[in-house]
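*Asks:* Sharing a model prediction with you, sequence too.
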Amino acid sequence: MRFYFFSTPMKTTELYKLFEKHPVISTDSRNIPNGCLFFALKGQNFDGNQFAADSITKGAAFAIVDNQDYAIDSRIILVDDVLKSLQELANLHRRTLGIPVLAITGTNGKTTSKELIASVLQNRFNITYTQGNLNNHIGVPLTLLKMTTDTQLAIIEMGANHPGEIYDLCKIAEPNMGLVTNMGKAHLEGFGSFEGVIKTKSEMYDFLRESGGKCFVNADNELLLKQSAGLEQLTYGTTDQADLRGEAEDSPYFLTAKVLFPKGWLYIRSKLLGAYNFENIMAAARVGFHFEIDPLLIQKSIEKYTPTNNRSQLIQRGTNRIIMDAYNANPTSMLAALQNFSTIDHATKLVILGDMLELGEYSTDEHQKIADFLLESHLNTIYLVGSVFCQTKTGTKVKKFESIELLANYLRQQKQMKDSLILIKGSRGIQLEKILDIF
């Protein structure tokens, strides 16, 4: 790709020289740090080119555009494609620093695993890692460009909802190590099928094979072992064959993992809910063990991590306990949450589920499978929210609502709930978090 400063071609290496002098990137015209580089990205409903001149006025050192009509200032640089220039700049920065990069993907648990691993590795390294959910074609380069000469190791989360996306992100980040948490039924509308999910998540393994990298693998997951065959596998799990072995301890709420390190067993008493988080804890422990972090520091780091942003949070509202897990949902994660919830012994239990989005032609069947599980369970108070759940066949113990607002109105008319354990789970687009004000 060639860049243009008016009529003068500019190569990526020359753009990188600007970045070295102005190492702060902005893609949001509403947030322009003084002296930054503003990349005028385009979206479905906006054209960043329109804000290039304004970004200069607000203090940007340079603005990068791909529409010559907006190159009206000597500090506005014209490129063929702003997004590609951002990605190529990030890749050049990654290559220039040459530090180890660990990439993390998976259907469920990638953000939790990333946070746990970051907490562990911070004991020894100056790290840069994905903040929040910036794990796509824009977020990955932005994270890489936040690395400095002081950064010793980077942790890059990668998300995808279409084939080819993980491989494309790997080409930008060029990871030396990879971790695929699991492969489940999510974004089936974009992937086309579960086989499409497997193929896309395995693209990380494909890249690592080509580049001579290694991977961390859950030895209990036969699919992951199969897909990562041929790579150097750093394993964890419950089997004796795993490099790092552990067991999940029974607990009604917060999960305790017992992990066997060379000097003996350590009990890790986490603030994470559900047995499904065991593999996330083990992944963090295995990564820490690989990087020679003291097991006691691994234990301490995992134990201090508290989930946020509606990810398996335990919230106390009056006398009610709420398991809030409405950041996202797919058939695999929803079934795991329900199975775990069913095992908790509590006198009064309530389930509120929202539609699972982006399932395409599989949507009706997957929602019905969840409804069937609920009908066969011992759960008696069940509220389903969303147009797809409303179409499922259910018994009289299940009440359905087209929207969260309708459920909220219904609950306001009911007797105030007390001493209840409540599971709230659904896709972010259903906005189940709005229901918290009712309890």
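*Replies:* Ah, there it is.
*Asks:* if I pick the residue lying closest to residue 277 once chain neighbours are set aside, what's in contact with it?
*Replies:* Leaving aside its chain neighbours, residue 277 sits nearest to residue 255 (5.3 Å; criterion: C-beta to C-beta, 6 or more residues apart in numbering). In short, each C-beta sits where N, CA and C put it, glycine included. Going by C-beta atoms under 8 Å, 6 or more residues apart in numbering, residue 255 touches 248, 249, 270, 272, 273, 274, 275, 277, 278, 281.
*Asks:* Closest to residue 152 out of those residues?
*Replies:* Among these, residue 281 lies closest to residue 152 (C-beta to C-beta), at 23.7 Å.
*Asks:* That closest one looks like it's in a strand, true?
*Replies:* No - counting by DSSP: H, G, I helix; E, B strand; the rest coil, residue 281 is not part of a strand but helix.
*Asks:* what about it, neighbour count?
*Replies:* Look at residue 281: counted by other C-beta atoms under 10 Å, it has 26 neighbours.
*Asks:* Hmm, residue 266 and it touching each other?
*Replies:* No - using C-beta atoms under 8 Å, residue 281 is not in contact with residue 266, being 11.2 Å away.
*Asks:* Tell me where the model's unsure across this structure.
*Replies:* 1-10 (pLDDT under 70).
*Asks:* Longest strand in it, by number of residues?
*Replies:* In the chain, taking DSSP state E as the definition, the longest strand is strand 264-273.
*Asks:* Contacts for that strand, please.
*Replies:* Residues contacting strand 264-273 (C-beta under 8 Å, 6+ apart): 112, 249, 253-259, 277, 280-281, 285, 295-296, 298-299, 302-303, 305-307, 312-314, 323, 325, 340.
*Asks:* one step back: check the gap between the residue nearest to residue 277 and residue 314 for me.
*Replies:* Shown here: residue 255 relative to residue 314, a distance of 11 Å by C-beta to C-beta, to the nearest Å.
*Asks:* now residue 81
*Replies:* 45 Å.
*Asks:* ok, those two, which is more surrounded?
*Replies:* Between residue 81 and residue 314, counted using other C-beta under 10 Å, residue 314 has the larger neighbour count: 17 against 12.
*Asks:* shouldn't that one be in contact with residue 253?
*Replies:* Yes - using C-beta under 8 Å, residue 314 is in contact with residue 253, at 6.1 Å.
*Asks:* so which strand or helix has the residue most central in space within the chain?
*Replies:* Most central in the chain under C-alpha atoms, centre = their mean is residue 111, positioned 3.7 Å from the mean C-alpha point. Secondary-structure assignment from DSSP states H and E places residue 111 in helix 110-121.
*Asks:* What's the first helix or strand after that helix?
*Replies:* Scanning forward in sequence from helix 110-121 by DSSP H and E, the next helix or strand is strand 127-129.
*Asks:* May I have the strands that pair with that following strand, each with its orientation?
*Replies:* strand 153-157 (parallel) (DSSP bridges).
*Asks:* Could you tell me which of the contacts of strand 264-273 belong to helices?
*Replies:* Counting by DSSP state H, the contacts of strand 264-273 place 112, 280, 281, 285, 295, 296, 298, 299, 302, 303, 340 in helices.
*Asks:* would you list these in TSV and tack on distance to residue 189?
*Replies:* What follows is those, written out as TSV (distance: C-beta to C-beta, whole Å):
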residue	distance to residue 189
112	24
280	26
281	31
285	35
295	43
296	45
298	38
299	41
302	35
303	38
340	27
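*Asks:* Could you check how far the residue nearest to residue 277 is from residue 112?
*Replies:* On the measure of C-beta to C-beta, residue 255 and residue 112 end up 11 Å apart.
*Asks:* before we move on, the earlier item: what residues are shared contacts of residue 281 and residue 266?
*Replies:* residue 259.
*Asks:* quick one on the thing from earlier: list the contacts of the residue nearest to the centre of the chain.
*Replies:* 133, 135, 157, 311.
*Asks:* quick one: which of the residues you listed is nearest to residue 51?
*Replies:* residue 133 (23.8 Å).
*Asks:* All the strands of the stretch 251-400 of the chain, residue numbers only.
*Replies:* 254-261, 264-273, 313-317, 320-325, 349-354, 381-385, 398-401 (DSSP state E, counting those that start in this stretch).
*Asks:* Ok, the stretch 101-250 of the chain next?
*Replies:* 101-105, 127-129, 153-157, 177-180, 214-218, 232-237, 244-249.
*Asks:* so can I have a markdown table of these showing distance to residue 63 and mean neighbour count?
*Replies:* As requested, these are exported to a markdown table (distance: least, C-beta to C-beta, whole Å; neighbours: other C-beta atoms under 10 Å):
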| stretch | distance to residue 63 | mean neighbour count |
| --- | --- | --- |
| strand 101-105 | 29 | 27 |
| strand 127-129 | 25 | 22 |
| strand 153-157 | 26 | 26 |
| strand 177-180 | 35 | 26 |
| strand 214-218 | 40 | 24 |
| strand 232-237 | 44 | 20 |
| strand 244-249 | 48 | 18 |
